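K.L.:
coords please:
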Amino acid sequence: MVERVTLYRAPTTVADAGAIADWLRERLGDDASDDDIEIAVRDRLLDEHRDGESDAEALAQAFAEARVLSPHERETGNAMLGIVRYEQRALDRPERQGGVLYDGVAVQRALNAALPERERDLDHLHVALLDRAIGTWGDHDGRWHKRVNVLGQPALVSVPGLYEAPAKPEQYYREKQKHAMLSGDPPPREVLETEVEGEFLVEGDPRTTEALKGYVLQAVHCWRTGEGFCDDAGCRLSNPHRHPGVIEAQLRDPEFCEDHVELYGTD
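P.N.:
Presented below is the predicted three-dimensional model:
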């Protein structure tokens, strides 16, 4: 049984961990009754649980080894000194990192090892908002797939993954390529929203926090019940593969299907 959930901030993103925690409290309870779950918010997990230079080096090494080298190669990792040094700098100055995909399961193992032993009990779930793109390997098609979340301990919720993992309309990719050819930079959000039909989320989207609430709850729900994603496309506990599905599940009412509203509904 889950008694505590600790949510970690991703300070370089627009995700508001405090607002997500408040939303969780309304649905999980946090008033010290026997059935309620205590919700806490901490700073970035990569800062909270590294103590000294040796821990920083170990985490940097782990991230270097978790780098995805090719979309179609299962093997990961580049432990060259320059890459490890880059990862060390990214730990200290996360605003300077980006453009790298990491094996989410390998990152999860590294962060699990970094958790204090006293906080690894099954009744205490850690959920890390990450400013890194994470993925999992698909044995069915022999390629890496970006993910919004990787469930387990700690659960990982990737803010870049919210924008990048679900597929956008084809026109989005055409406009992005065209703009990059003309200017060398990605197009501003307002250009994409004007030129591309359909609904989708892009980096820095003001709806980011609202959308992430459901992905964090998915991690809690899995840990407390052992259940996976919901099959109802309109439920916050579903896992859509396209952006219109994300909009429908996370930003439209009702929030939950008939089964899960009994667990997490507030009315």
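K.L.:
buried set for the host helix or strand of residue 210?
P.N.:
Assigning secondary structure by DSSP states H and E places residue 210 in helix 208-225. Using 16 or more other Cβ atoms under 10 Å as the test for burial, helix 208-225 gives 208-209, 211-224. C-betas here are computed from N, CA, C, even on glycine.
K.L.:
pLDDT weak spots in the stretch 101-250 of the chain?
P.N.:
The stretch 101-250 of the chain contains no residues with pLDDT under 70.
K.L.:
could you pull out the helices for it?
P.N.:
Secondary structure of the stretch 101-250 of the chain, counting by DSSP state H, counting those that start in this stretch: helices at 104-114, 159-164, 170-183, 189-195, 208-225, 243-251.
K.L.:
just checking, what packs against the third one?
P.N.:
Counting contacts by 3 or more Cβ pairs under 8 Å, 6 or more residues apart in numbering; DSSP states H and E, the secondary-structure elements packed against helix 170-183 are helix 189-195.
K.L.:
chain center to the helix it packs on, what's the gap?
P.N.:
Centroid displacement of helix 189-195 relative to its chain, using Cα atoms, centre = their mean, to the nearest Å, is 24 Å.
K.L.:
same check on stretch 104-115?
P.N.:
The answer for stretch 104-115 is 14 Å, by Cα atoms, centre = their mean.
K.L.:
output it as PDB, nothing but the C-alphas.
P.N.:
The C-alpha coordinates for stretch 104-115 follow below in PDB (Å, rounded to 0.1, in the frame of the first residue of the first chain):
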ATOM      1  CA  GLY A 104      14.500   5.200 -19.500                       C
ATOM      2  CA  VAL A 105      14.900   1.900 -17.800                       C
ATOM      3  CA  ALA A 106      18.700   2.400 -17.300                       C
ATOM      4  CA  VAL A 107      18.100   5.900 -16.000                       C
ATOM      5  CA  GLN A 108      15.500   4.500 -13.600                       C
ATOM      6  CA  ARG A 109      18.000   1.900 -12.300                       C
ATOM      7  CA  ALA A 110      20.600   4.600 -11.700                       C
ATOM      8  CA  LEU A 111      18.200   6.900  -9.900                       C
ATOM      9  CA  ASN A 112      16.900   4.000  -7.800                       C
ATOM     10  CA  ALA A 113      20.400   3.300  -6.600                       C
ATOM     11  CA  ALA A 114      20.800   7.000  -5.700                       C
ATOM     12  CA  LEU A 115      17.700   6.900  -3.400                       C
END
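K.L.:
count the neighbours of residue 125 for me.
P.N.:
The tally of other residues near residue 125 (other Cβ atoms under 10 Å) stands at 23.
K.L.:
partner residues bridging it?
P.N.:
As for beta bridges, residue 125 partners with residue 5 under DSSP bridges.
K.L.:
OK, contacts around it?
P.N.:
By Cβ atoms under 8 Å, 6 or more residues apart in numbering, the contact list for residue 125 reads 2, 4, 5, 6, 153, 154, 155, 219, 220, 223, 224.
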